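1. what's the 3D shape of this:
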Amino acid sequence: MEGYNQYFEQGHLIFKYLNGQITAQEQEELDHWISLSESNKALFARLTDRPALQSEVNVFATSDKAKAWERISLETGFNKPAKSKLISGLFLRYVAAAVFVLVSGISMYLMFMRTDDKDTVAIQQAADVAPGKNKAVLTLADGSEILLDEVSEGEIAMQDNLLITKTDDGQLVYTTGKNLRKNAAGNQTYNVVSTPKGGQFKVVLPDGSKVWLNAASSLKYPTKFGSERIVELVGEAYFEVTKSGAYQQAEKRNGSFVVLSAGQVVEVLGTRFNVNSYSDEKRITTTLLEGKVKIISNPENSKNSHAAKLPERVVMLKPGQQAQLSIDRGDEIQVTSKVDLDQVIAWKNGQFIFKNASLAEIMRQVSRWYDVEVVFEGKIPENKYRGQIARDAPIAQILQILQVSGVNFKIEGRRIIVKT
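-> Predicted structure coming up:
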């Protein structure tokens, strides 16, 4: 039987169907799912029957969860997962309702219908908060700024004899050619691409390496690389580093690629990896998907005054491993192989994927992507949550799903108050 993540996908399609927002391609996907079995057909009919659907939610709100699971197993074929640390807390208490109503879409549809629910009405006020999009600012060496989401595709600047263009799919690309020669003066200049909250952007660097910047992040890089290719990251980015692009061949350079971030240095040679160095996270995480990287704790660049007195620590990562640098623990580096790579780069692939995530972690991601302020009223619960949803979903949809799990919200403009 499919995992329950499949129910998230189908729930999103059914929600769009109910609201008349489904595309032709999505309708084909939904029709295919319905045609797979008689049980899918019957379930679809039931989930699109408003009175029956409302009745189910009322039942789940008060029923014995064990008996609810028995009914779910019979009607959907979905078996209750075994208890584990990965799926615990409120998730186990509410997953019955979440699975049956196909979590991501149907729960939101139901909650919007309950106009007598004050918290639901409050969440509806967040409907105008749009998800993030391709949005960034390019700061050139002379300090001038270009709003990348506002300029048209094509050539946008020439700097250090490199042509800077914006592609039709919203990427920033640096290129060189026969008529573009090295700056005779040899002066090193830098550019910075910065994404605000609610923004993301992809940059193709002068050496051909590709960088995806997440929201509230920035990347500083030279417009021409020397024997070492050194960039500085704040926030989160996914890298695909080239060993030898056209630029390097022309310049006869093939040095290592170095990423500097708060508290650490990442040395790379041809690889794919993700670095999360947000200042509001407890640790800096570097996850290797392909190739080889060396992680060096960098006390001189650490915000921890005690760590600045400690010697550097060095670890080597293999594909599938993650290094976790704890600034609060003297820049200690821990390496784990228990990494869900899909979850790590979900943001780059247009998804939110939460597995054993705390409410605080979820709301930090929501805050960055939707450009909202999140405030907790009361003690932050220690419950863990699990789920998947597209990053282009309305913020109200995420809040509704969390509300099904017992979390309530108050909305004040772009301020979300989590009532715990």
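2. For the helix or strand hosting Ala237, which strands pair with it and how are they oriented?
-> Using DSSP states H and E, Ala237 falls within strand 229-241. Strand 229-241 has its sheet partners listed here by DSSP bridges as strand 210-213 (antiparallel), strand 217-222 (antiparallel), strand 257-261 (parallel), strand 271-277 (antiparallel).
3. could you dump the ones you listed to TSV with mean neighbour count, distance to Thr195 and mean pLDDT?
-> Quick note: C-beta positions are derived from backbone N, CA and C, even for glycine. Below are those laid out as TSV (neighbours: other C-beta atoms under 10 Å; distance: least, C-beta to C-beta, whole Å; pLDDT from 0 to 100):
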stretch	mean neighbour count	distance to Thr195	mean pLDDT
strand 210-213	21	5	97
strand 217-222	21	5	96
strand 257-261	21	15	93
strand 271-277	22	14	96
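4. Show me where the stretch 301-420 of the chain has its helices.
-> 341-344, 359-370, 395-404 (DSSP state H, counting those that start in this stretch).
5. what are the bridge partners for the nearest residue to Tyr221 once chain neighbours are set aside, then?
-> Take Tyr221 and drop its neighbours on the chain: the residue closest to it by C-beta to C-beta, 6 or more residues apart in numbering is Val231, 4.3 Å away. Applying DSSP bridges to Val231 yields these beta-bridge partners: Val259.
6. Do you have the strands of the stretch 201-350 of the chain handy? List them.
-> 210-213, 217-222, 229-241, 257-261, 264-268, 271-277, 283-290, 293-297, 314-317, 322-326, 332-336 (DSSP state E, counting those that start in this stretch).
7. Dump these into a markdown table; add distance to Ala393 as well.
-> Compiled in a markdown table, the strands of the stretch 201-350 of the chain are given as follows (distance: least, C-beta to C-beta, whole Å):
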| stretch | distance to Ala393 |
| --- | --- |
| strand 210-213 | 20 |
| strand 217-222 | 21 |
| strand 229-241 | 20 |
| strand 257-261 | 29 |
| strand 264-268 | 32 |
| strand 271-277 | 22 |
| strand 283-290 | 24 |
| strand 293-297 | 33 |
| strand 314-317 | 33 |
| strand 322-326 | 27 |
| strand 332-336 | 30 |
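8. Break the protein down into its structural domains.
-> 5-129+344-419, 132-255, 257-339 (automatic domain parsing).
9. now the strands paired with strand 229-241 in JSON lines, with distance to Ser337?
-> JSON lines is the format used below for those (distance: least, C-beta to C-beta, whole Å):
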{"stretch": "strand 210-213", "distance to Ser337": "24"}
{"stretch": "strand 217-222", "distance to Ser337": "26"}
{"stretch": "strand 257-261", "distance to Ser337": "21"}
{"stretch": "strand 271-277", "distance to Ser337": "15"}
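10. Identify whichever of the strands of the stretch 201-350 of the chain lies nearest to Thr139.
-> Closest to Thr139 of those, according to C-beta to C-beta: strand 217-222, at 8.8 Å.
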